[in-house]
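[1] when you get a sec, could you give me coordinates for this:
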Amino acid sequence: MKKERSLAGRWLQYGALALFVQLASGCSDRAPPPPPANAAQAADRDAPAAPVSDARLVVAFGDSLYAGYNLDRDKGLAPVLEQALKARGVKARVVNAGVSGDTTAAGLARLAFTLDGLPRKPDLMLVGLGGNDMLRGLPPQETRANLDAILAEAKARGIQVMLTGMLASPNMGADYAAAFDPIYPELARKYGAALYPFMLDGVLGKRALLLPDGIHPNDAGVTVIVGKLAPRVAEALKP
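    The predicted model follows:
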């Protein structure tokens with residue numbers, strides 16, 4: 001019960017900061033998503049000309065939580081996850097395909113361009129989208145449809161997926177949460193995808209792990225997230 005109250009308190013803080021984060025992240029309804037070509041080029045900026053022949057290729061396809069929002073280039077999710085996998089004996093190249101401000105619709109629009117621009121089919125695609133949909137109050141059925149299309153495209157290409165989930169902020173209301181929160185586990189079951197239930201697990205509400213906006217992880221926060229995520233990614237990459 002104490003743990004539940006603590007999480008609820010963190011979500012209340014999350015709800016209070018939601019509007020600020022919309023502005024800070026460029027997620028306002030007045031700000032259109034990046035054009036697919038530009039987004040894909042930006043997302044693939046860290047990709048090598050060709051992957052190491054015996055390394056697994058992982059694509060982190062998501063929004064600002066993947067992109068390394070306001071962090072040094074080597075402190076974002078992709079490079080930190082790559083190092084964590086290396087420490088676990090998993091040789092992998094993790095490509096940063098995160099674009100800050102992306103909704104699920106924007107992600108779907110750039111998906112094919114991003115995948116077609118890779119040197120080969122990835123061994124695993126992490127999908128982390130939907131948080132900006134929720135912050136903007138977009139209909140959960142649209143979020144579900146876009147994520148469904150993303151997972152369907154990955155399945156058609158024979159790409160294994162790990163879906164990293166998001167939860168609705170309490171200020172969105174119980175009805176919104178009831179429609180939004182089940183999206184990730186239900187789609188993971190539908191497509192046989194691995195699921196990391198909540199991307200901000202262990203970080204939300206802990207000021208020492210967050211940037212001043214109170215939502216995006218700082219360097220230490222990314223380390224915490226990767227510490228929880230890396231074992232699951234390593235497991236998914238097993239032959």
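[2] if I pick the residue nearest to the spatial centre of the chain, what's in contact with it?
    Centroid-nearest residue in the chain: Gly128, 2.4 Å away (criterion: C-alpha atoms, centre = their mean). If you count contacts by C-beta atoms under 8 Å, 6 or more residues apart in numbering, Gly128 has them with Ala60, Phe61, Gly62, Asp63, Leu65, Tyr66, Gly98, Leu163, Thr164, Met166, Met199. C-beta here means a position set from N, CA and C on the backbone, and glycine is covered the same way.
[3] just the helices in this protein please.
    2-24, 36-43, 64-67, 77-87, 104-116, 131-135, 140-156, 174-180, 183-191, 219-236 (DSSP state H).
[4] ok, which of those comes nearest Asp123?
    helix 219-236 (8.7 Å; C-beta to C-beta).
[5] what does that closest one contact?
    By C-beta under 8 Å, 6+ apart, helix 219-236 touches 58, 68, 71-72, 75-77, 80-81, 84-85, 88, 90, 124, 126, 160, 162, 164, 194, 196, 199-203, 206, 208-211, 217.
[6] CA atoms of it as PDB?
    Taking C-alpha atoms only, helix 219-236 is exported to PDB below (Å, rounded to 0.1, in the frame of the first residue of the first chain):
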ATOM      1  CA  ASP A 219      22.600  11.300 -16.900                       C
ATOM      2  CA  ALA A 220      22.000   9.400 -13.600                       C
ATOM      3  CA  GLY A 221      18.400   8.800 -14.600                       C
ATOM      4  CA  VAL A 222      19.400   7.200 -17.900                       C
ATOM      5  CA  THR A 223      21.800   5.000 -16.000                       C
ATOM      6  CA  VAL A 224      18.900   3.800 -13.800                       C
ATOM      7  CA  ILE A 225      16.600   3.100 -16.700                       C
ATOM      8  CA  VAL A 226      19.300   1.200 -18.600                       C
ATOM      9  CA  GLY A 227      20.100  -0.800 -15.500                       C
ATOM     10  CA  LYS A 228      16.600  -2.100 -15.600                       C
ATOM     11  CA  LEU A 229      16.200  -2.300 -19.300                       C
ATOM     12  CA  ALA A 230      19.600  -3.900 -20.400                       C
ATOM     13  CA  PRO A 231      18.900  -7.300 -18.900                       C
ATOM     14  CA  ARG A 232      15.700  -7.600 -20.800                       C
ATOM     15  CA  VAL A 233      17.300  -6.400 -24.000                       C
ATOM     16  CA  ALA A 234      20.200  -8.900 -23.500                       C
ATOM     17  CA  GLU A 235      17.600 -11.700 -23.000                       C
ATOM     18  CA  ALA A 236      15.800 -10.600 -26.200                       C
END
